[in-house]
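**Student:** predicted model and sequence follow; I will ask about them next.
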Amino acid sequence: MKVLLDLNIVMDVLLNRQPWAADSSAVWNAHQSGEFDGYLAATEITNLHYIVRKLAGESTARSAINVCLNGFAIVPVDQPILLAAEALAGKDFEDDVCIACAVAVSAVWIVTRDASGFTQSAVPAISPADLLKQLRS
């Protein structure tokens, strides 16, 4: 089963953001144990570097990138993905890119803490807690 993770889930784990880190870490661990195939949009990697560098420095940002590149499948963000995202015309282009990436890899879900940007998504958005319930049922 393919699942695309939104950047907020990745950052919860890598930056130990409370109170969300526990559920996001459980999702990350489920991916690592093979319960699902985890995907990240390529743009999430550049955004991750930018944000983590500002918050924790270059060394921590590079480490975060390496963890993601070695732990997840990366969905390329190219012209067809960007055109598909633009056609969605959602309120947040970054979310639309995630949707287009999820569609491109035939993901079952997008896991996010902020489902408001995914209300029109062809791929359902669910919370980390809801994904964990799905995996346990």
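**Tutor:** Sure thing, it's come through.

**Student:** use CA for all of it now, contacts and neighbours both
**Tutor:** OK.

**Student:** residue boundaries of the helices in this structure?
**Tutor:** 7-14, 21-32, 42-56, 58-71, 79-88, 93-104, 128-136 (DSSP state H).

**Student:** between those helices, which one is nearest to Thr119?
**Tutor:** Minimum separation from Thr119 across these (CA to CA) falls at helix 93-104, 10.3 Å.

**Student:** buried stuff in that closest one?
**Tutor:** Glu94, Asp95, Asp96, Val97, Cys98, Ile99, Ala100, Cys101, Ala102, Val103 (16 or more other CA atoms under 10 Å).

**Student:** same thing with stretch 37-49?
**Tutor:** Residues of stretch 37-49 classed as buried by neighbour count (16+ other CA under 10 Å): Asp37, Gly38, Tyr39, Leu40, Ala41, Ala42, Thr43, Glu44, Ile45, Leu48, His49.

**Student:** now for those residues, which pair is the farthest apart?
**Tutor:** Taking CA to CA as the measure, the buried residues of stretch 37-49 have their most distant pair in Asp37 and His49, spaced 22.5 Å apart.

**Student:** so where's the protein uncertain?
**Tutor:** Applying pLDDT under 70 to the chain flags no residue at all.

**Student:** this completes my enquiry, with thanks.
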